[in-house]
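> what would the 3D arrangement of this be:
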Amino acid sequence: MAEKTNAPRRILVVEDDLGTAADIARTLHEHAFEADLVTTGGEALRKALAGGYDAMTLDRMLPDADGIMVVRLLRENAVDLPVLMISALSDIDEKVRGLRAGGDDYLTKPYHPDELVVRLEVMIRRKDSAQAASNTTLKVGTLEVDLIRQVVRRSGTVIELSQAEYRLLVYMMEQSHSVLSRPMIFEAVWGYRFDPGTNLIEVHIGRLRKKIDIEGEEPLFHTIRNKGYRLGA
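Residues are numbered from 1 along each chain as shown. As a prediction, the model looks like this:
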């Protein structure tokens, strides 16, 4: 079920296939969401820019625009509405394009209705948590991250990170002291389903260890055998 609020969560459903749009709307209503349906990218932009929505489902292929163009224009206009991109295009390159353009998540057709709902709930919860947080600094031991300036420090010393390293570190700090599996990390940080053949996580955690777990500081990165990784003293 969606989290209880004073008013139902409003979802902007962008889908040109009326049958699919009706299915999405029905699923959302069953989980106490409100759904507003539009069929074109132009309508989606107009309504999203006007505000009032908690999240958007965005079809990748629209009659007047590419979904990637729609989400890119939203971000260029500083609209931080959580966007769940939905597409029959399932290859990794397409997912990466959608996420890099500004999508928050990517769901491949066909999908189970429950997965659609859960992904929307997670996106909304993340945005709520970010808005509700009065403290814009994450801290674990002597490690801290200024989320506004995206500055990482350990014992006062600034540490330079790539964007991928920064996203991974923030996620692990938000979940500090919890054991995070490789699939959990992969989907949360890179935004698509885990490929057991990749060593992307090991490479990035290895780089973070070298930059953060320096001599004289207590190690914060821990490998939990057969389970995953944990960040914490």
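> please, which helix or strand holds the residue lying closest to A188 once chain neighbours are set aside?
If the residues on either side of it in the chain are set aside, A188 comes closest to Y171, at 5.2 Å by CB to CB, 6 or more residues apart in numbering. Placement of C-beta: from N, CA and C, glycine included. Under the criterion of DSSP states H and E, Y171 resides in helix 163-174.
> which helices and strands does that helix pack with?
In terms of contacts (3 or more CB pairs under 8 Å, 6 or more residues apart in numbering; DSSP states H and E), helix 163-174 is packed against strand 137-140, strand 143-146, helix 182-185, helix 200-212, strand 228-231.
> contact partners of it?
Here helix 163-174 makes contact (CB atoms under 8 Å, 6 or more residues apart in numbering) with 138-140, 143, 145, 147, 150, 152, 161, 180, 185, 188-190, 201, 204-205, 207-208, 211-212, 229, 231.
> burial count for the residue nearest to G41 when sequence neighbours are not counted?
Spatial nearest neighbour of G41, chain neighbours left out: A65 (2.9 Å); criterion: CB to CB, 6+ apart. For A65, the count of nearby residues is 16 (other CB atoms under 10 Å).
> Y192 now?
By other CB under 10 Å, neighbour count at Y192 equals 17.
> quick one: secondary structure of it?
Following DSSP: H, G, I helix; E, B strand; the rest coil, Y192 is assigned to coil.
> what sits against it?
With CB under 8 Å, 6+ apart, Y192 has these contacts: 92, 95-96, 99, 106, 186.
> quick one, phi/psi of it?
Recorded main-chain torsions at Y192 are phi -140, psi 170, according to degrees, to the nearest 10.
> before we move on, what about E34?
phi -100, psi 140.
> hey, what's it bridged with?
With DSSP bridges as the criterion, E34 is bridged to R10.
> which secondary structure state does A7 sit in?
Classified using three-state DSSP, A7 is coil.
> what is the neighbour count of it?
Neighbours of A7 (other CB under 10 Å): 7.
> cool, the one 10 residues further on as well?
Applying other CB under 10 Å, we find 12 other residues in the vicinity of D17.
> angles on the backbone of the closest residue to it other than its chain neighbours, please.
Counting by CB to CB, 6+ apart, D17 lies nearest to D59, which is 7.7 Å off, once chain neighbours are set aside. With angles defined as degrees, to the nearest 10, D59 sits at phi -70, psi 140.
> what sits against D59?
14-17, 20, 67, 86-87.
> which of these lies closest to V122?
I86 (15.1 Å; CB to CB).
> identify the residues contacting that closest one.
15, 57-60, 106-109, 111, 116.
> among the contacts of helix 163-174, which ones are buried?
The neighbour count (16 or more other CB atoms under 10 Å) marks 138, 140, 143, 145, 152, 161, 180, 185, 188-190, 201, 204-205, 208, 212, 229, 231 as buried among those.
> please enumerate the helices of the chain.
18-30, 41-50, 67-76, 92-101, 113-132, 163-174, 182-185, 200-212 (DSSP state H).
> avg pLDDT for the third one?
If I follow you right, that is helix 67-76. Taken as a whole, helix 67-76 has a mean pLDDT of 93.
> check which helices and strands that helix sits against.
Counting by 3+ CB pairs under 8 Å, 6+ apart, helix 67-76 packs on helix 41-50, strand 55-59, strand 83-87, helix 92-101.
> now for the residue most central in space within the chain: which residues touch it?
In the chain, the residue lying closest to the centroid (CA atoms, centre = their mean) is D104, at 4.2 Å. Applying CB under 8 Å, 6+ apart to D104 gives the contacts 82-84, 123, 126, 191.
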